[in-house]
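**Student:** I'll drop the sequence and a predicted model, then ask my questions.
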Amino acid sequence: MTKVNLVYILLGYSSGVYRFNEMVEFVEDAGGIVLTRDEFYISRGSYFISQEVHVILVIPQEVLNDVKNFAKELQGDIEYLEVEKEQKIKVLSIIPVYNFLSLEGSWVDIKTIKKTIECPCITEVCKEFEKTCLEDLDETLDAMKRMNIIEIRDSSGIIQYKLKN
């Protein structure tokens, strides 16, 4: 397996809801993740003006110009997000788990996740951490649940995880 040396960056993206799904697909195809979707309705008095979507994007730095150009095509806005190192580590720790769950496609338990994800992982996110991406796996899975990225179920006393559709 060939190692890929990727550096990930966090971006804010906002646009109208029209063609928003195209941005989600574009980011995911480029190896990124779309997090924390918020929708806003803008009105003036009793008149509805527009509906906007605001999300956080985690993308490989090498696709930044492509994402910017696509956002411009969709008439969306991109901004860099400056976050503290601890917060960035928490966000980036999602990537190996997200990648594994997207390839798996079905329910898996935490033992399977720990057994399957190798550190350093193929994206070498761990280099950003100065620790392994599996050290805080429980916390990462909890964060993914709060962000509505994964589903959790109890199957005969075993907690299992799966990406939301």
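**Tutor:** Thanks, I have it.

**Student:** Let's verify Glu118: helix, strand, or coil?
**Tutor:** Using DSSP: H, G, I helix; E, B strand; the rest coil, the structure places Glu118 in coil.

**Student:** How about Gly31?
**Tutor:** Gly31 - assigned by three-state DSSP - is coil.

**Student:** Need the nearest residue in space to it, chain neighbours excluded.
**Tutor:** In space, and not counting its chain neighbours, Gly31 is closest to Pro60: 5.1 Å by CB to CB, 6 or more residues apart in numbering. Bear in mind the C-beta positions are built from the backbone N, C-alpha and C, glycine included.

**Student:** And the pLDDT at the one you found?
**Tutor:** As predicted, Pro60 sits at a pLDDT of 89.

**Student:** can you pull up the bridge partners for it?
**Tutor:** Tyr8 (DSSP bridges).

**Student:** can you pull the contacts of the residue most central in space within the chain?
**Tutor:** Geometric centre of the chain, nearest residue: Ile33, 3.1 Å, by CA atoms, centre = their mean. Residues near Ile33 by CB atoms under 8 Å, 6 or more residues apart in numbering: 27, 57-58, 94-95, 98, 149.

**Student:** What segments of this structure are strands?
**Tutor:** 8-16, 33-44, 47-60, 77-80, 108-109, 150-155, 158-163 (DSSP state E).

**Student:** As JSON lines, those with distance to Thr140 would be great.
**Tutor:** Formatted as JSON lines, those follow (distance: least, CB to CB, whole Å):
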{"stretch": "strand 8-16", "distance to Thr140": "15"}
{"stretch": "strand 33-44", "distance to Thr140": "13"}
{"stretch": "strand 47-60", "distance to Thr140": "13"}
{"stretch": "strand 77-80", "distance to Thr140": "23"}
{"stretch": "strand 108-109", "distance to Thr140": "14"}
{"stretch": "strand 150-155", "distance to Thr140": "10"}
{"stretch": "strand 158-163", "distance to Thr140": "10"}
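
**Student:** Out of those strands, flag the one nearest Leu141.
**Tutor:** strand 158-163 (6.0 Å; CB to CB).
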